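>>> This is the structure alone, sequence omitted:
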Ligand SMILES: [Zn+2]
């Protein structure tokens with residue numbers, strides 16, 4: 001379940017850090033842009049961040 005409901009549309013995108021799993025709302029950049037985690041400071045691509053966020057949204061059964 002997204003922690004920021006409905007906020008993934010528009011100018012921001014919800015990304016999950018693949019290093020520390022921190023979910024964060026970031027300004028939507030280019031598809032191949034890179035982001036620096038707001039918690040651990042490591043960098044990741046938008047694709048990696050979106051994949052991690054999607055993983056965290058999926059409840060484990
Ligand atoms: Zn991180």
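Ah, there it is. None of these values were measured; they are calculated from a predicted model.
>>> For this structure, just list every one of the helices.
In chain order, the chain shows helices spanning 46-57, with DSSP state H as the criterion.
>>> burial count for residue 13?
In terms of burial, residue 13 registers 19 neighbours under the definition other CB atoms under 10 Å. (Each C-beta comes from the backbone N, C-alpha and C, glycine too.)
>>> If it is in a bridge, with which residues?
For residue 13, the beta-bridge partners are residue 26 (DSSP bridges).
>>> residues in contact with it?
With CB atoms under 8 Å, 6 or more residues apart in numbering as the criterion, the residues that contact residue 13 are 25, 26, 27, 28, 46, 49, 50.
>>> Give me the distance between the second one and residue 34.
Read that as residue 26. Taking CB to CB, to the nearest Å as the criterion, residue 26 is separated from residue 34 by 11 Å.
>>> Tell me the residues of this protein that contact the ion?
Contact residues (CB under 5 Å from the ion) of the chain with the ion: 17, 19, 20, 22, 37, 39, 40.
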